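structural data only, the sequence is not supplied:
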């Protein structure tokens, strides 16, 4: 199913459709401020497991999408220095690596103690998380070894993945530059991957 949602004013009715899918262990593809991404509810071990099988070797690349900064502190350990970095740069095209708290399900962590967190600049994922009432587990549609057109055009994404996911959100043409990944678990922020975001 392909559904159109506008970032400027996400429709409540369409959002409810998305939430329904996520609450029923579904996987969606949605736009972000970088590349299109897969998403499922953090509260759905079944969907997380399916996403892991779909992505195969990339399972370690899961991040968690939050709607706002206050939510991050519930699922991660955030000291003052890290909080200041997050506050300056989010929402935006970043994935910040933080120590996970016990509230993050083991299924999402897979033996890791850290988790990548996202608060995208695009309003659609933030609206989904707010309507869902919990964060989404996410990983990008783009494979590192292939920057191809189908990863930016929602109709082509739907053609390619429509059978694997419950719903694809058409939020317009996406980007093919991934997020900047920053590790905040050490003394100083460390950039692990240069991407769209410029660290402030």
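That came through, no problem. Predicted model, so just to flag it, every value in this text is computed and none were measured.

what comes up buried for stretch 93-102?
93, 94, 95, 96, 97, 98, 100 (16 or more other CB atoms under 10 Å). Just so you know, the C-beta spots here come from the backbone N, C-alpha and C atoms, and that holds for glycine as well.

please produce a markdown table containing those, extended by distance to residue 67, pLDDT and secondary structure.
Converted to a markdown table, the buried residues of stretch 93-102 look like this (distance: CB to CB, whole Å; pLDDT from 0 to 100; DSSP: H, G, I helix; E, B strand; the rest coil):
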| residue | distance to residue 67 | pLDDT | secondary structure |
| --- | --- | --- | --- |
| 93 | 16 | 96 | coil |
| 94 | 15 | 97 | strand |
| 95 | 16 | 96 | strand |
| 96 | 15 | 97 | strand |
| 97 | 19 | 96 | strand |
| 98 | 16 | 96 | strand |
| 100 | 18 | 90 | strand |
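
make a markdown table out of these and add distance to residue 165.
Converted to a markdown table, the buried residues of stretch 93-102 look like this (distance: CB to CB, whole Å):
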| residue | distance to residue 165 |
| --- | --- |
| 93 | 23 |
| 94 | 25 |
| 95 | 21 |
| 96 | 26 |
| 97 | 26 |
| 98 | 27 |
| 100 | 25 |
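
what is the nearest of those to residue 189?
In terms of CB to CB, no member of the buried residues of stretch 93-102 lies closer to residue 189 than residue 96, at 8.4 Å.

bridging residues for the most centrally placed residue in the chain?
The centre of the chain sits closest to residue 138, judged by CA atoms, centre = their mean, with a distance of 3.8 Å. Beta bridges link residue 138 to residue 39, residue 63 when assigned by DSSP bridges.

how about it, what does it touch?
Applying CB atoms under 8 Å, 6 or more residues apart in numbering to residue 138 gives the contacts 37, 38, 39, 62, 63, 64, 65, 118, 125.

which non-adjacent residue is nearest the last one?
It stands for residue 125. residue 65 (5.3 Å; CB to CB, 6 or more residues apart in numbering).
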